[in-house]
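Engineer: model the following, please.
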Amino acid sequence: MNILLTAINAKYIHSNLAVYSLRAYGAAHGYNAELAEFTINQKTDDILEQIYRRKPDVLVFSCYIWNIDMVTALAEEFHKICPEVPIWGGGPEVSFETERFLTSHPVFTGVMMGEGERTFLRLCQAYETLQRECGKAEELLRDIEGISFRQADGTVAVQPLRELLPMDELPFCYEQIEDFRNRIIYYESSRGCPFQCSYCLSSVDKTLRFRSLDLVCRELQFFLDHRVAQVKFVDRTFNCRREHALAVWRYIREHDNGVTNFHFEVSADLFGEEELEVIAGMRPGLIQLEIGVQSVHERTIREIRRTMNTARVHDAVKRVQQGKNIHQHLDLIAGLPYEDYETFQHSFDEVYRWKPDQLQLGFLKVLKGSYMYERAEEYGIVFRSRAPYEVLSTRWIPYEKMLEIHLVEKMLERMYNSGQFRTALSVLEQRYDSPFQMFLDMGHFYRERGWLECSHSRIQWTEMFLEFAVSADEKREDWYKEALIFDLYRIEKSKSRPGWAPDLRKSHNQTAVYLRQQKMEKKYCHMEPFRFLEIGKDAVPAVRETVGSEEILWILFDYEKRNPLTNEAALLEVRPEDTAAIL
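Structural biologist: Now for the predicted structure:
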């Protein structure tokens, strides 16, 4: 019996924990399913051919908002070729309103609802019995909890949900670690969430279960021993049980291999002094934290049933930043109830000023099964009919204003989250009271010139930034030029320069002389003169308070030493008495 578990991921670097877990659970009970992984960037015809050549007796798809359109298209085409093969779906995108899904997509035989390991095992057993004894599928399926399936008369039978598994009964599914070379490992030490955020499907599973710490630490050691690049915990709120989080963090701190990075989604306002101290003692780059702020508007926070103290979140973010060893990724959601355009702008401005390493501006997705889905009409939420069901407008934010927020999001990603213009932005921010307005003005400027519809080189982006900055703040043109040059070289030794940048061909040879004089064996570095910038506190570039035309400061960008969090070059100010070799 060839049962094929099929995953279509968003990117090649991703892996699908669900299908690996189902396969491992089946194998632990004597049923060896096949597995096939693809990405949404592949051609549908190519995926169809590969599925067909695997000759499945039963085809099972893992269904999410990012792949459901491709999954249903593949199922329809495969059914034409192999109408005798049952097709099943599982995952969050098909676990709710299953009768409607099966009615709309008649090529699917059925759906596995909710937690799938034991249900998948029972499905394997049923189809093996059917193959061996030639019985009726419908009779066997009626004995399986946690599924919906199409009956012979065309109606849909919806079975009761299955009792949830203890977490320790789930087998470890990464024994064949070579299959995950150059890919992200997804790992779960708990399932469920104690919170009830109305936009999140995790609030549906109110049973919070943990894998025993002895087992978790043993499995984490497996990843450490194999020096995997990144392990991403998919626990919905990793630190909701303090003792569990502390034990895991202490273990990876004490057994750090100097290579592996661990990613956690956390609630920052739950941090206590003990957690902050443990985190502060970690190697830079050992862990990274994703913190869902979503909004700072109190009425909105209450309405979406979030439990969050904004002041404590801010304090925790700042405490973590002080250690200079943790990458922090903060999230905002546009389109939440009771947040209008102005209050969302306030949320954006406040969180942006916290200066996270990344700020993700997302848009509400109205997911089937969520409390938000049930209240969408009451909130006047208009959202896309097809996945990912993203908000178009709400009672508080019309579509036109939502488009403005989308424009801000584009510029935020390009200018801030890319990490390529941090110094130039810090100068431009002095011109604006509102960072939101700054990105919006920039977006309008770029769009009016048609720059958003084309791809550009790094140098072109640098030149476009200067053009906008000068249009908004003409008096500080020289500051922006230096800041942009600084940003250009802090990440890489650029082979080209903007047309307005000073000619450094002569100084390149003199720089080599300087390095020899200082007995510095540097093969990969760059030196640049600055009149307006200096290296301030914590190696952060800053505009000098007093500037004279004769005060030239040379900065050495050392690409052989990099910041482990940002990958930026180490910086060295060249002392005035050592500049004779250059000038």
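
Engineer: show me the shaky parts of this protein.
Structural biologist: 134-135, 203, 205-206, 506-510, 538-539, 545-550, 575-583 (pLDDT under 70).

Engineer: give me that answer again for 80
Structural biologist: By pLDDT under 80, the weakly predicted segments of the chain are 132-137, 202-206, 504-514, 517-519, 522, 536-551, 575-583.

Engineer: would you mark the buried spots in the top helix by length along it?
Structural biologist: In the chain, with assignment by DSSP state H, the single longest helix is helix 117-133. For helix 117-133, burial by neighbour count (16 or more other Cβ atoms under 10 Å) applies to 117-128, 130. (Each C-beta comes from the backbone N, C-alpha and C, glycine too.)

Engineer: immediately after that helix, which helix or strand?
Structural biologist: helix 137-141 (DSSP states H and E).

Engineer: tabulate the CA atom coordinates of the following helix or strand past that next one in PDB.
Structural biologist: Downstream of helix 137-141, the next assigned helix or strand under DSSP H and E is strand 147-150. What follows is strand 147-150, C-alpha atoms only, in PDB (Å, rounded to 0.1, in the frame of the first residue of the first chain):
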ATOM      1  CA  ILE A 147     -12.300  12.800   9.700                       C
ATOM      2  CA  SER A 148     -15.000  14.000   7.300                       C
ATOM      3  CA  PHE A 149     -15.600  12.000   4.100                       C
ATOM      4  CA  ARG A 150     -17.800  11.800   1.100                       C
END
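
Engineer: check which helices and strands strand 147-150 sits against.
Structural biologist: Contacts defined by 3 or more Cβ pairs under 8 Å, 6 or more residues apart in numbering; DSSP states H and E place strand 147-150 against helix 98-104, strand 110-112, helix 137-141, strand 156-158.

Engineer: so which of those is nearest Tyr379?
Structural biologist: helix 98-104 (21.7 Å; Cβ to Cβ).

Engineer: which outside residues touch the closest one?
Structural biologist: Helix 98-104 has contacts (Cβ atoms under 8 Å, 6 or more residues apart in numbering) with 89, 94, 108, 110-111, 113, 148-150, 156, 158.

Engineer: likewise stretch 74-84?
Structural biologist: Taking Cβ under 8 Å, 6+ apart as the rule, stretch 74-84 contacts 44, 47-48, 51-52, 59, 61, 85, 87, 89, 105, 107-108.

Engineer: can you do 6 Å?
Structural biologist: Stretch 74-84 is contacted by residues 48, 87, 107 when judged by Cβ atoms under 6 Å, 6 or more residues apart in numbering.

Engineer: how about these in a markdown table, adding neighbour count?
Structural biologist: Formatted as a markdown table, the contacts of stretch 74-84 follow (neighbours: other Cβ atoms under 10 Å):
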| residue | neighbour count |
| --- | --- |
| Leu48 | 17 |
| Ile87 | 23 |
| Val107 | 16 |
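
Engineer: which ones among these map onto helices?
Structural biologist: Judged by DSSP H, those include Leu48 as members of helices.

Engineer: what's the closest of the contacts of stretch 74-84 to Met438?
Structural biologist: When these are compared against Met438 (criterion: Cβ to Cβ), the nearest one is Leu48, at 47.0 Å.

Engineer: quick one: contacts for the closest one?
Structural biologist: For Leu48, the contacting residues are 74, 77, by Cβ under 6 Å, 6+ apart.

Engineer: please redo it, this time with the cut-off set to 8 Å
Structural biologist: 74, 77-78, 81.
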